[in-house]
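**Q** What follows is a protein structure lacking sequence information:
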DNA sequence: TTACCTGCAAAGGGTTTGCACTTTG
DNA sequence: CAAAGTGCAAACCCTTTGCAGGTAA
C-alpha cells in the first residue's frame, strides 16, 4: 500500500534532520509491517547502535503529531506504528499468530460521514480493528466454536 | 442500550459469587458509561470499601474472558470497560471533553462478513473507534482546520 | 552560535502477580 | 474441607521526562 514519503514529509515541518531521525524514518518507510517502539529500536540499532529508546519514542511522537505515522492499538497493551498510508485502510489481527491483514472498506467512510452529519462532530481519526483467527491458525489448531458475531466498537 | 445480565451470566460460568464480584457487577450493570478500572474501584468503594484494586482488575479480566464485558481503547493509554451490549455498537470519543457517543452502523457487519469470506478468517471481535471533536467542543473552541478525512484502522 | 536534539537514568501510569490469609460451595 | 478468591505490596511493562552534554542549521 502506497505510503507517504516520510523523509520529505518531516523536512517540510521544519524539524531538524538528525542521524537518529533519519534511521527511524528509513525503518518505518521500508517496513510493511506494524512495528512497535521496541521493534523500531531493534531495527535501527541493527544498522547503527547510536540511538536510545527514548529517542525512538520521541521521534515516533513527533511523526504522529505531524500526521506522518499512525498509531494503532491492535488488541495489545502496547502501541504499533506504521507510515501513514495515502488511502484509508483497516486492520484484522490474528489472536493466534499476530499476523495483521490490511484491508479497505469504502462502507466505513459512509458510516463516518453519516455520524458527522447526524451528530455534528468533526472527525479526526477512524480505526476499524477486527480480531480473530486467520485461516492458517484455524486449520492448524482446529479451533472450536467461539462467540462469533459479537461486535463492539 | 440493552446489556447482558451480568450476575446471571457470571453464575452460569461456575465462578464463585463473592461480595466483591457482586459489587463490581452491579456497578458495571448500572452504569451507562465506559468505566475504567479506577472508576469501577471508586464506585464500588463508595458503597463498601472492602475491595482492592487488584480484585477489580481480576474481576474485569474474568468478565472479559467470559464475554460479559467488552474492553475498549478509546484513544487513551488505559482501558475502558462496559457490560457487553446485546447488539453491536461502536464509539465516537471526543478529544476535547472525553464524551463517548455510541452508535450503530449495519454497514460494518457487512464489511466483517466480506473480510471473513475473502480471507477465510474467523472473527472474534470488531471495534470501530472514531475520534474527533463533538459539536459542543467545536462551537466552544471554534477549532480551525484539522487533517480531516484521514482514516486509519 | 544557539535553539534544538540526544542519551541516560529515573520516574510515571496502568496492570499483573506471589504469597499468606479468607471465603465459598 | 478443598478449591477458589482476596488483600497487600512489590514487580512489571510500556512510555515519558529532567538534565547535562552534543549537534544541525
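**A** Cool, got the structure. Note that the coordinates shown come from a computational prediction; the quantities given were computed from them, not determined experimentally.
**Q** do the worst-scoring helix or strand of chain A on mean pLDDT and chain B meet?
**A** Counting by mean pLDDT, DSSP states H and E, chain A has its least confident helix or strand at helix A:135-141, which shows a mean of 83. Yes. Helix A:135-141 comes into contact with chain B (CB under 8 Å from any CB of the partner chain), by way of A:135, A:138. Using the backbone N, CA and C atoms, a C-beta is placed for each residue, glycine as well.
**Q** And for stretch A:18-31?
**A** No. Using CB under 8 Å from any CB, stretch A:18-31 stays clear of chain B, with a minimum separation of 14.2 Å.
**Q** The strand of greatest length in chain A pairs with which strands?
**A** What stands out as the longest strand in chain A, according to DSSP state E, is strand A:122-133. Strand A:122-133 pairs in its sheet with strand A:90-94 (parallel), strand B:122-133 (antiparallel), by DSSP bridges.
**Q** could you give the mean pLDDT of the longest one?
**A** The reference is to strand B:122-133. For strand B:122-133, mean pLDDT is 92.
**Q** so what's the residue in chain A positioned nearest to DNA strand C up against?
**A** With CB to the nearest atom of the strand, the shortest gap between chain A and DNA strand C falls at residue A:55, namely 2.9 Å. Listed by CB atoms under 8 Å, 6 or more residues apart in numbering or on different chains, the contact set of residue A:55 reads A:20, A:24.
**Q** quick one: is whatever helix or strand it lives in near DNA strand D?
**A** Using DSSP states H and E, residue A:55 sits within helix A:53-65. Yes. Helix A:53-65 lies within reach of DNA strand D by CB under 7 Å from any atom of the strand, at A:53-54, A:57-58, A:61.
**Q** State the distance from the closest residue to residue A:59 other than its chain neighbours to residue A:68.
**A** With sequence-adjacent residues excluded and distances taken as CB to CB, 6 or more residues apart in numbering or on different chains, residue A:59 is closest to residue A:24, at 4.6 Å. For residue A:24, the distance to residue A:68 (CB to CB, to the nearest Å) stands at 11 Å.
**Q** What of residue A:39?
**A** Relative to residue A:68, and taking CB to CB, residue A:39 is found at 18 Å.
**Q** So the two - more neighbours on which side?
**A** Each of residue A:39 and residue A:68 has its neighbours counted (other CB atoms under 10 Å in any protein chain shown); residue A:68 has more, 24 against 16.
**Q** could you list every residue that touches the more buried one?
**A** A:4, A:6, A:9-10, A:83-84.
**Q** Quick check: closest non-adjacent residue to it.
**A** Nearest one to residue A:68, counting by CB to CB, 6+ apart, is residue A:9 at 4.7 Å.
**Q** Report the secondary structure state of the one you found.
**A** At residue A:9 the chain is in helix, as set by DSSP: H, G, I helix; E, B strand; the rest coil.
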